[in-house]
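Visitor: Kindly generate the corresponding structure for this input.
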Amino acid sequence: MAYFPLFFDFSNKPVSIIGGGHTALEKAKRLLKTGAALTIIAPECADELAQMAAQKKIQLINRGWMVSDLDGCQFVIAATDDYFENERIAKACRYKGILCNVVDNAGLSDCIFGAVIEQGDLVIGVSTSGASPSAAVYIKNQIRSIIPEEFSSILEWLAALRPVMIERYKVQFVRAALFSQLFKDSLANHGPLDADHLEALLLLYDQKQKEEKQK
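Guide: Numbering: from 1, shown residues only. Predicted coordinates for the structure are as follows:
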């Protein structure tokens, strides 16, 4: 396995993109969904990036990058149209211990962007380790075709229930079994369970927990 799959929480974390063209714009759109504190550094930039800056969605620095711009960053994307400039950015990031993605150059990158499926809280990443982005997109589309439309509403419902269930069911494997049953039943129901169905399940697992504590 050439790349290890991880999911990062970039919410309010400092992330920089060096470059201001179409590719930088596309990366910015993806990263803004994560809530990253995003900075674009480029002498010139796409109009849409300038609009994002005007709307305070990103910080825009209209000049060439400097090594000091990397201080404090947790992730940097090198998205200039100059191979050697991107290489310098990657080397500077490596020296400072910062993860760097160099657009269209896996060899210079510490990490790469995969094809992504997003549906509410569900996020699936597909990578071919750079061998074939087209193959990754094909697999992404195949996976997307089997995800039920109601999946995001089920996940949202389960997420809202989770804190209450953790408080109510202290026996870990009983709680795990309940979560599994809730998911299976809501999937079969094509959506969140109604109050009667939920209450019946909770009473059943109340009894299971009681029995376990009596052992």
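
Visitor: packing partners for the top helix by length along the chain?
Guide: The residue-count maximum for a helix in the chain (DSSP state H) belongs to helix 195-214. With contacts taken as 3 or more CB pairs under 8 Å, 6 or more residues apart in numbering; DSSP states H and E, helix 195-214 sits against helix 172-188. Heads up, the C-betas are built off the backbone N, CA and C, glycines and all.

Visitor: okay, the angle between the helix it packs on and helix 195-214?
Guide: On the basis of axes from the mean of the first three to the mean of the last three CA atoms, to 10 degrees, helix 172-188 is oriented at 160 degrees to helix 195-214.

Visitor: Need the contact partners of the longest helix of the chain.
Guide: Residues outside helix 195-214 that contact it (CB atoms under 8 Å, 6 or more residues apart in numbering): 168, 169, 170, 171, 174, 177, 178, 181, 182, 185, 189, 193.

Visitor: List the contacts of the second one.
Guide: For residue 169, the contacting residues are 175, 178, 205, 209, taking CB under 8 Å, 6+ apart as the criterion.

Visitor: quick one on the thing from earlier: buried subset of the contacts of helix 195-214, written for ChimeraX?
Guide: Remark: buried members of the contacts of helix 195-214, expressed as a ChimeraX selection using 16 or more other CB atoms under 10 Å:
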select :169,171,174,178,182,185,193
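
Visitor: Export the contacts of helix 195-214 to TSV and append columns for distance to residue 17 and pLDDT.
Guide: TSV is the format used below for the contacts of helix 195-214 (distance: CB to CB, whole Å; pLDDT from 0 to 100):
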residue	distance to residue 17	pLDDT
168	45	94
169	44	94
170	46	92
171	47	91
174	47	93
177	45	95
178	43	95
181	44	96
182	40	96
185	44	96
189	43	95
193	43	96
